[in-house]
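Student: Predicted model, plus sequence, below.
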Amino acid sequence: MRKIVSIVFILLNLSVASAQKLITRNGEIKFEASMPTFEEISGTNNTASCIFDKSTGDIAVLALIKGFKFKSPLMEEHFNENYMESDKFPKATFKGKVLSFDASKTSGTYDVEGDLTIHGVTKKIKSKVSFTNANKKMSCSFSVKPQDYGIEIPSLVKNKIAQNIKIVLDFDLQAK
């Protein structure tokens, strides 16, 4: 009997622990690098992965660089080959923590900080993250400078690309 009680207790703990983790494999990341009066430079990736642990606030995001799609196939090719070197640096990641997350609230805005890795370079970032819909919808935005991540912009097009690139994340999370 004692063995059965122990097994039930372990199973209950496992189900509670897994209920604390939310995940998606089809999150959306958009970036905007356009300058006024020049061609639109933006891409969207609808295959980003995210896992968020409500009990600890830990968060991890992964996006494959080749997953970004553009209006122009030529722009997509230049993005992957000339700027992001996606064969050499195939992914971007964020590993961090949502600070003071309160799982008892169904929505809220929190500080998030962690390590963003793009183009093989890791930098600490801080931003705000919003949760809605019983904490299952997550949105975050921040800006990065290409030169901070070793991304070289040729002088010929330097004035056509924003110095600060806006990145927006939107994730619909599901219980794991």
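Tutor: Nice, I can see it. Numbers count the residues shown, from 1 in each chain.

Student: what's the most centrally placed residue in the chain in contact with, if anything?
Tutor: Nearest to the geometric centre of the chain sits residue 61, at 4.4 Å (CA atoms, centre = their mean). If you count contacts by CB atoms under 8 Å, 6 or more residues apart in numbering, residue 61 has them with 27, 29, 48, 49, 50, 93, 94, 95, 169. For glycine as for every other residue, the C-beta is placed from the backbone atoms N, C-alpha and C.

Student: Name every strand pairing with the helix or strand where it lies and say which way it goes.
Tutor: Taking DSSP states H and E as the definition, one finds residue 61 inside strand 58-64. Strand pairing for strand 58-64, determined by DSSP bridges: strand 42-53 (antiparallel), strand 91-98 (antiparallel).

Student: For residue 127, find the nearest of these.
Tutor: Closest to residue 127 of these is strand 91-98 (CB to CB; 9.3 Å).

Student: coming back round to it: read off the pLDDT value for the residue nearest to the centre of the chain.
Tutor: Listed pLDDT for residue 61 reads 98.

Student: next one: residue 13
Tutor: pLDDT recorded at residue 13 is 44.

Student: if we can go back for a sec, of the contacts of residue 61, buried ones?
Tutor: Neighbour-count burial within the contacts of residue 61 applies to 27, 29, 48, 49, 50, 94, 169; the criterion is 16 or more other CB atoms under 10 Å.

Student: For the fourth one, give the beta-bridge partners.
Tutor: So that's residue 49. As for beta bridges, residue 49 partners with residue 62 under DSSP bridges.

Student: Show the pLDDT at it.
Tutor: 98.

Student: distance of the residue nearest to residue 176 when sequence neighbours are not counted from residue 169?
Tutor: Spatially, and ignoring its direct neighbours in sequence, residue 176 is nearest to residue 21 (4.1 Å; CB to CB, 6 or more residues apart in numbering). Note on residue 21: its distance to residue 169, by CB to CB, to the nearest Å, is 18 Å.

Student: same deal with residue 106?
Tutor: For residue 106 relative to residue 169 (CB to CB), the value is 20 Å.

Student: next one: residue 79
Tutor: From residue 79 across to residue 169, the span is 18 Å (CB to CB).
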